[in-house]
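Asks: coordinates for the following, if possible.
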Amino acid sequence: MAVADVRSEVVRGGRVLALAGLSDMVWGHVSARDPSGRGVWMKANGLGFEEVTDDDVLLLDYDGNVLAGRGSPHREYPIHTEILRRSAGVASVVHVHPPHAIALAASALELQAFSHVAGVFAGGVRRYRDGAGLIDSAAAGAALADALKDDRALFLTGHGVITAGPSVAVAVTTAVMLERACHLQLLAEGYGGVAAPLSSDEALQVYAHTQTDKHLLGAWEYLSRKVDRYRSATSLTDQ
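Replies: The predicted model follows:
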């Protein structure tokens, strides 16, 4: 993939997250591995997902030095550099602060698969309890990367979530699905909880069709089209 395409994917990933309700003002970030191995592309600090343009997507080396783009990096860039440094199969990392995921992670509840959207996480989502503060050093990023292992998602208790995937599309859609799954579970808890929860093995069998990247990419294509429709409608309104 060309550099211009990588930067555009990071921008689009942020806009999908914003339109899906996963923005937290100027905090949160999407990254993509540089195709030439120079480091990580991610948005500059101080901008909301919907504000970012290609020029605001920075190329950082693995020590956080800015090699291209305008602006300064987020303090939590080690989340991305250390996961990508350690996981050859990961090409994109998302860190966001979705309200329902944060609330569920703070509770004593385990995420249950009782819907197609939660079926993506039929194997469960683990909690990382050492990430409540900022993950702004190589050591903290490395510890997080070791905790994530090969999982697609991880709760950072008291902080947010991490998702990872082979593309921006997969990592972003995983984050959207996780927030929707947590929202549904908290809604069910308000009505007495899930009456007949499936075991992990049962859920993996019932929702096997949700376990593929192809399933997530179908949702990404819809969300991406929705971003285009929204941008077209707002540009017409502004004229």
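Asks: OK, contacts around residue 63?
Replies: Residues counted as contacts of residue 63 (C-beta atoms under 8 Å, 6 or more residues apart in numbering) are 81, 138. C-beta coordinates here come from the backbone N, C-alpha and C atoms, glycine included.
Asks: surely it forms part of a helix?
Replies: No - Residue 63: not assigned to a helix; according to DSSP: H, G, I helix; E, B strand; the rest coil it is coil.
Asks: for this structure, which segments count as strands?
Replies: 29-33, 40-43, 57-60, 66-68, 92-96, 127-128, 153-156, 160-165 (DSSP state E).
Asks: give me the pLDDT for residue 239.
Replies: pLDDT recorded at residue 239 is 44.
Asks: got a list of what the residue most central in space within the chain touches?
Replies: By C-alpha atoms, centre = their mean, the chain has its centre lying nearest to residue 94, at 3.2 Å. With contact set as C-beta under 8 Å, 6+ apart, residue 94 has these partners: 13, 17, 28-31, 161-164, 171-172, 174-175.
Asks: cool, and residue 173?
Replies: 16, 216, 217, 219, 220, 223.
Asks: of those residues, just the buried ones, ChimeraX syntax please.
Replies: The ChimeraX command for the buried members of the contacts of residue 173 (criterion: 16 or more other C-beta atoms under 10 Å) is given here:
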select :16,216,219,220,223
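Asks: which single one of the contacts of residue 173 is nearest to residue 86?
Replies: Lowest distance from residue 86 to the contacts of residue 173 (C-beta to C-beta) belongs to residue 216, with 22.4 Å.
Asks: my read: the closest one touches residue 170, true?
Replies: Yes - using C-beta atoms under 8 Å, residue 216 makes contact with residue 170 at a distance of 5.2 Å.
Asks: now the residue nearest to residue 215 when sequence neighbours are not counted: how far from residue 86?
Replies: In this structure, residue 215 finds its nearest non-sequential neighbour in residue 209, 6.3 Å apart by C-beta to C-beta, 6 or more residues apart in numbering. From residue 209 across to residue 86, the span is 30 Å (C-beta to C-beta, to the nearest Å).
Asks: likewise residue 62?
Replies: Distance of residue 62 to residue 86, given as C-beta to C-beta: 11 Å.
Asks: looking at those two, which is more packed in?
Replies: residue 62 (18 against 15; other C-beta atoms under 10 Å).
Asks: circling back to that earlier point, wait, the residue nearest to residue 215 touches residue 122, no?
Replies: No - here residue 209 does not reach residue 122: they are 10.9 Å apart, not a contact under C-beta under 8 Å.
Asks: have a look at these two and say which one is more surrounded.
Replies: Per other C-beta under 10 Å, whichever of residue 209 and residue 122 has more neighbours is residue 122, with 22 against 10.
Asks: give me the number of residues near the closest residue to the more buried one other than its chain neighbours?
Replies: Leaving aside its sequence neighbours, residue 122 sits nearest to residue 203 (C-beta to C-beta, 6+ apart; 3.7 Å). By other C-beta under 10 Å, the residues close to residue 203 number 21.
Asks: thought residue 203 was touching residue 113?
Replies: Yes - counting by C-beta under 8 Å, residue 113 is a contact partner of residue 203 at 3.6 Å.
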